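Participant: build the 3D model from these lines:
(chains A and B, ligands or ions: 1)
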Amino acid sequence: MKVILHDLEPSRSEQLSSKCDAIIEADGKYAPCQGCFGCWVKHPAECFMKDKLQKACRTLGRAEELVIITKNLYGSYSTNIKTVMDRTIGASTPLSTYRAWEMHHILRYGKHSLFKVLVYGNITEQEKATFTYMAKRNAINDGYNESEVLFFASASEAESAV
Amino acid sequence: MKTVFINGSPKKKISASSYLSAMQRLFVKGEKVTKQLRNKNDYESIFEELKDADAIVLSLPLYVDGLPSHVLAFLEEAEMFFRENDLHPNLYCIANNGFIEGRQNEPLMQVLENFCFRAGINWRGGIGIGGGVMLNVTRFVFLVQTAVYIIMLIITGFQTGNYFHEGVISAFLQNVGVLLFFNAGVIFFFIRMGIAINRRGKDFGKHYTRILIPSFIFIPFANLFFLIYSLFKGGLFRGWLAKK
Ligand SMILES: Cc1cc2nc3c(=O)[nH]c(=O)nc-3n(C[C@H](O)[C@H](O)[C@H](O)COP(=O)(O)O)c2cc1C
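Facilitator: Next up, the predicted model:
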């Protein structure tokens, strides 16, 4: 399954949906994570907040390939994208193990193949380095075999690179 | 000199971030203020304190190898606030994460450095701390231990007439020593970062430490912790590890 997570205008989803199996719109119409770990210890793979991200980890967890389209923010994902990432840690289990010689969580849905990030907007060289590094870290943490980060000046260029 | 401590955990109380920043606060001189950053309603009173701040200590958890999204949202506002008011305070960071390796906080540190560059404020470095949840637990273990040993002193005192039984006191001190040892790396860097802050914003650089336990002991304990936690919360019986 190929999943696209994007913070573009929601109207862009229609076009993008022909290129993937599932789309998550990071439109900011949801609350940030409260850090309660309920999605691990109380109601597995489900958030206590009843908004559109309540079960989003089940979609992300099943992604063979994940494509994230995000605006740059200090070499990090945009706030709207990052909220989705924080709210979907139920894609892993609460148990930990060694992965790449470090401590990481055991995955609920097993390993994935490609973690791809298409970044748009004004960006410094230092921020590019941070972003590339962060995506690499995310790929290890979430059990992806490889990560790829590409940079674009505008949202439409990033979109057409999917 | 004024230092503002900002706790960036969304948790209302007993967060690792507030525990760690309270510890750092002990080693900082001058005027000190602590603020909670949990949502947009907190911005205004934080900005009010930042107007005359010399140093900011941002204490926050690592979320998915980066900053929690509500802190990112705050930084976007703060960037404009610092620029519009032409403010250039020194920013220090205390990042803590659940996994044992403090170095996993590196991307978060880089993002904060990039933020400082854009906001025109001074990035002065920080401490990345592994095993934050477990460190947070040590303070409660300490309280429980203290209570248990006081009761033991009273009981032995009642039985023997000696209310300061040496055996009980030395057992207590040994346990305190163990807890202190777990926190020793953190305390060492808090003292050093405190010195840097007190020297009017000296650069501290990035440093990484952790709870002082080997990972092959830490990991089974973390798993046991979540097993018991999930047992009490009921998640264990609701498809704990299932593909939902
Ligand atoms: C949404 C979420 C994502 C997290 N991601 C990570 C992570 O990528 N790496 C890690 O080591 N810990 C991670 N943690 C664990 C927290 O960093 C850890 O629980 C921290 O001690 C919380 O601090 P606090 O009590 O101040 O909120 C995550 C926790 C949450 C709730």
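
Participant: can the helix or strand where A:S96 lies be said to contact the ligand?
Facilitator: Element membership for A:S96 (DSSP states H and E) is strand A:92-99. No: using Cβ under 6 Å from any ligand atom, strand A:92-99 never reaches the ligand; the gap is at least 9.3 Å. (Each C-beta comes from the backbone N, C-alpha and C, glycine too.)

Participant: hey, C-alpha coordinates of that strand in PDB?
Facilitator: Backbone C-alpha positions of strand A:92-99 (Å, rounded to 0.1, in the frame of the first residue of the first chain) are rendered in PDB as follows:
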ATOM      1  CA  SER A  92       4.100   0.600  16.900                       C
ATOM      2  CA  THR A  93       3.700  -1.400  20.100                       C
ATOM      3  CA  PRO A  94       4.800  -0.300  23.500                       C
ATOM      4  CA  LEU A  95       7.500  -3.000  23.600                       C
ATOM      5  CA  SER A  96      11.100  -2.100  22.700                       C
ATOM      6  CA  THR A  97      13.900  -3.900  21.100                       C
ATOM      7  CA  TYR A  98      17.300  -3.200  19.500                       C
ATOM      8  CA  ARG A  99      17.200  -1.900  15.900                       C
END
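
Participant: give me the residues contacting it.
Facilitator: Strand A:92-99 is contacted from outside by A:37, A:40-41, A:44, A:61, A:103-108, A:140, A:142-143, B:99, B:215, B:219, B:222-223, B:226, B:229-230, B:240-241, using Cβ atoms under 8 Å, 6 or more residues apart in numbering or on different chains.

Participant: from those residues, which land in helices?
Facilitator: Using DSSP state H, the members of these that fall within helices are A:40-41, A:61, A:140, B:215, B:219, B:222-223, B:226, B:229-230.

Participant: out of those residues, which comes closest to the ligand?
Facilitator: Set against the ligand, the nearest of the ones in helices among the contacts of strand A:92-99 by Cβ to the nearest ligand atom is A:W40 (9.1 Å).

Participant: ok, that closest one touching B:G234?
Facilitator: No: A:W40 is beyond contact range of B:G234, at 11.8 Å (criterion: Cβ atoms under 8 Å).

Participant: tabulate the ones in helices among the contacts of strand A:92-99 in TSV, adding columns for pLDDT and neighbour count.
Facilitator: TSV is the format used below for the ones in helices among the contacts of strand A:92-99 (pLDDT from 0 to 100; neighbours: other Cβ atoms under 10 Å in any protein chain shown):
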residue	pLDDT	neighbour count
A:W40	98	24
A:V41	98	22
A:G61	98	22
A:I140	98	19
B:S215	96	19
B:I219	97	18
B:A222	96	22
B:N223	98	16
B:F226	97	23
B:Y229	97	16
B:S230	98	23
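
Participant: make a markdown table out of the residues you listed and add distance to B:V141.
Facilitator: As requested, the ones in helices among the contacts of strand A:92-99 are exported to a markdown table (distance: Cβ to Cβ, whole Å):
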| residue | distance to B:V141 |
| --- | --- |
| A:W40 | 22 |
| A:V41 | 20 |
| A:G61 | 34 |
| A:I140 | 31 |
| B:S215 | 20 |
| B:I219 | 19 |
| B:A222 | 15 |
| B:N223 | 18 |
| B:F226 | 17 |
| B:Y229 | 15 |
| B:S230 | 20 |
